[in-house]
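Undergrad: just a sequence and a predicted model for now, questions to come.
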Amino acid sequence: MKNIGLVFGLVTVVAFVQAQDVYHERWRPQIHFSPKAHWMNDPNGMVYFKGIYHLFFQYYPDSSVWGPMHWGHAVSTDLMHWEEQPIALYPDSLGYIFSGSAVVDERNTSGFATKPGDTALVAIYTQHDPVGAAQGRKDFQNQSIAYSLDNGKTWVKYAGNPVLRNPGETDFRDPKVFWNAAGREWIMVLAVKDHVEFYGSPDLKAWRKKGEFGKDKGAHGGVWECPDLFPISDDHGHSTWMLIVNINPGGPNGGSATQYFLGDFDGRKFVPSTAGVRWLDYGPDEYAGVTWSNLGGDRRVFLGWMSNWLYGQRMPTAPWRSANTLPRDLQLEQVGDSLYVKSIPVGELNQLASRPAQNRKFPASISKPAEIRFHTTNHTSFGLVFFNAAGDSVVVGYDEADRRYYIDRRHAGVSMGPDFDRIYTAPRISQDSLIRCTVFLDASSVELYADGCLTVMTALVFPTQPYNRVTLRPKYAHIAEGVSLQQLMDIHN
Ligand code: FRU
C-alpha cells in the first residue's frame, strides 16, 4: 500500500512538472501566441465575435515543419491570453487548407443560418491541391468556404466548394473578405502572383471579378501573398483605404515582409495615394500579417507570423515551431506631406505589467519578458544591449550617420545561419527632434517600436541562456530622460 501511495505520489509530481513545463520550455514565447506543439505559419480567419477574438492559423499537427495545411484555432477575450482549441479545418479531397479570412454574416446573405437568432461565421480560404500541383497543372489553388453556427467552435464545409475557381494562375490564393457597405456586397481581395484581384459577391458563394491592382506598383522582389483591404481613419475622422500585401521574398531586409499602400477604393479599383514602397515592419521576422474582422468602430488590429520563410522551418524550438508578433493597432500619421501607418502594440498589453513602470539606470537586471521605453533629445547614435553571462548579446539601436534604426543579432546566441546572424536596418521616418523607443524582449524575440511606432522592427533571437541584463551604449548620460523598464507577466500563468 505504501508503495502504491509512493507511485501515485510520483505520478502526480511528474504530471505536475510536465504541466508546468508546457509553455515554459527553452525559448518559449511568454507574451506572444505560439501553438502548444508542432508547425505554425500565417495567422488566418481572425474574427471578433460575441466578445471572443478568434485566431486561426496555418498548422501542421504531425510535424514541426510545413506540411499538409490545416487551420489551427485559438481564442482569447483580451488578445493576450490564448486558449488553443481543436483543429477547425482539415484537408479534404479538394486539397490542403491554405490561408484565408472569416466574416460574421450578420445579414445571413449566405443562407447558412437556418434557425432564427443564429448567426453564421463564414471562413473563406484557399484549397491547395498537391496532386494537381505535382502534375504540373496551373489551376491547383481554388477558393472554398465553410461555416460555423456555434460561434466558431465547429465548422461545416460548403457542399458547393470551391466557390471561386482558378482561371489558370499558379499563384491564386489567400482571400480576405469584408462587407463593403457602400456597394452593399462582399468584396474579396485575392493575391495572384504579382498583383491583387478584387471580386464581389452578394452571398459569399457566387463571385465575380471586379478589378485588379499592383502589377506595376509596390515591391516585386517575390510573390504577392496574404492581402488585406479596409478603410482606416485619421484623427480628424477622414477616412482612406489601406491595402496590405505580403511579399516573399523581396522584403527590405531579405525574405518575407509586409508592404502597404494607402489610397481610394471604389469597389473595383484601388488608386494609391502613396508612392514607392512602404513596409509595416522592417525587421526580418514579421510576415503574412493581416487584421481582425468585425472589431467595430475604427479599430484595426494587425497580427503577423513572427518568422521568415528563409529559415523559419529550421528554428531550434521544440516541441513547437513559430509564434506570432504582438498584436498591433494600425493608425495613420501625417509626416511632412505624406500619410504613414503606425503599428502600435495593443493597449491590452498593459494588463501584463506586473507593477508600475520603474525609472531605472543602466545597466539593469531583467528577466524576460520585458518592456523598455526611453527617449532622447540629442541625436546621438545609441544601442540598447541585451546580454547574458555566456557572452550572447542582441543590440537594438539607432545610427545617426545614416538615420537608421537597427537590430544587430550577429552574436545573439545560437546561430541562425551565416546569412542571418547579421545587422538589419530600417529608415527613420519621423522628423521629430525627440527620438522615442519602446522595445519588447521575449524569450526568443525583440521588437522595436520607434517614433510612436512609425518605424517597427521584429527579429528572432535564440540566446544560449536568457539575456538577464540590459544596458545602453555609449552611456546612459546620452539619453535625456524617460527611461522605464517593466517586467511583464507571462500569458501562460
Ligand atoms: C504565406 C503562405 C500563403 C499560403 C500559406 C500556405 O506564408 O505561403 O500564401 O496560403 O502560406 O501555408
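TA: Structure received.

Undergrad: quick one: the strands in the stretch 151-300 of the chain, in order.
TA: Here the stretch 151-300 of the chain has its strands, by DSSP state E, counting those that start in this stretch, at 156-157, 173-180, 185-192, 195-201, 208-213, 223-233, 239-248, 257-265, 270-272, 278-279, 287-291.

Undergrad: most neighbours per residue, which of those strands?
TA: strand 287-291 (a mean of 26; mean count of other C-beta atoms under 10 Å). (Glycine included, C-beta is placed from N, CA and C.)

Undergrad: what helices or strands is that one leaning on?
TA: Packing partners of strand 287-291 (3 or more C-beta pairs under 8 Å, 6 or more residues apart in numbering; DSSP states H and E): strand 38-49, strand 223-233, strand 239-248, strand 257-265, strand 301-305.

Undergrad: restrict the first one to CA atoms and write it as CSV.
TA: I take that to be strand 38-49. Presented in CSV, the C-alpha positions along strand 38-49 are these (Å, rounded to 0.1, in the frame of the first residue of the first chain):
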residue,chain,number,x,y,z
HIS,A,38,4.1,21.4,-34.0
TRP,A,39,4.3,23.7,-37.0
MET,A,40,2.5,27.0,-37.4
ASN,A,41,2.7,29.7,-40.1
ASP,A,42,0.3,32.5,-41.2
PRO,A,43,-2.4,33.8,-38.9
ASN,A,44,-5.8,33.1,-40.6
GLY,A,45,-9.5,33.9,-40.3
MET,A,46,-9.1,36.4,-37.5
VAL,A,47,-12.6,37.5,-36.4
TYR,A,48,-14.1,39.0,-33.3
PHE,A,49,-17.5,37.7,-32.3
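
Undergrad: let's number from 43 now, not from 1
TA: That works, and once the first residue is 43, the last one we named lands at strand 80-91.

Undergrad: so is it next to the ligand?
TA: Yes: remark: strand 80-91 sits within contact range of the ligand at 83-84, by C-beta under 6 Å from any ligand atom.

Undergrad: what helices and strands are in contact with that strand?
TA: Short answer (3+ C-beta pairs under 8 Å, 6+ apart): strand 80-91 packs on strand 94-102, strand 112-118, strand 138-147, strand 162-170, strand 329-333, strand 343-347, strand 362-363.

Undergrad: Serialize those to a markdown table and add fields for mean pLDDT.
TA: Formatted as a markdown table, the helices and strands packed on strand 80-91 follow (pLDDT from 0 to 100):
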| stretch | mean pLDDT |
| --- | --- |
| strand 94-102 | 98 |
| strand 112-118 | 98 |
| strand 138-147 | 98 |
| strand 162-170 | 99 |
| strand 329-333 | 98 |
| strand 343-347 | 98 |
| strand 362-363 | 98 |
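
Undergrad: looking at these, which is closest to the ligand?
TA: Among those, the nearest to the ligand by C-beta to the nearest ligand atom is strand 138-147 (3.4 Å).

Undergrad: buried residues in the closest one, which are they?
TA: Across strand 138-147, burial judged by 16 or more other C-beta atoms under 10 Å covers 138-147.

Undergrad: closest one of those residues to Ile274?
TA: Ser143 (17.0 Å; C-beta to C-beta).

Undergrad: so that closest one bridges to which residues?
TA: Beta-bridge partners recorded for Ser143 (DSSP bridges): Ile166.
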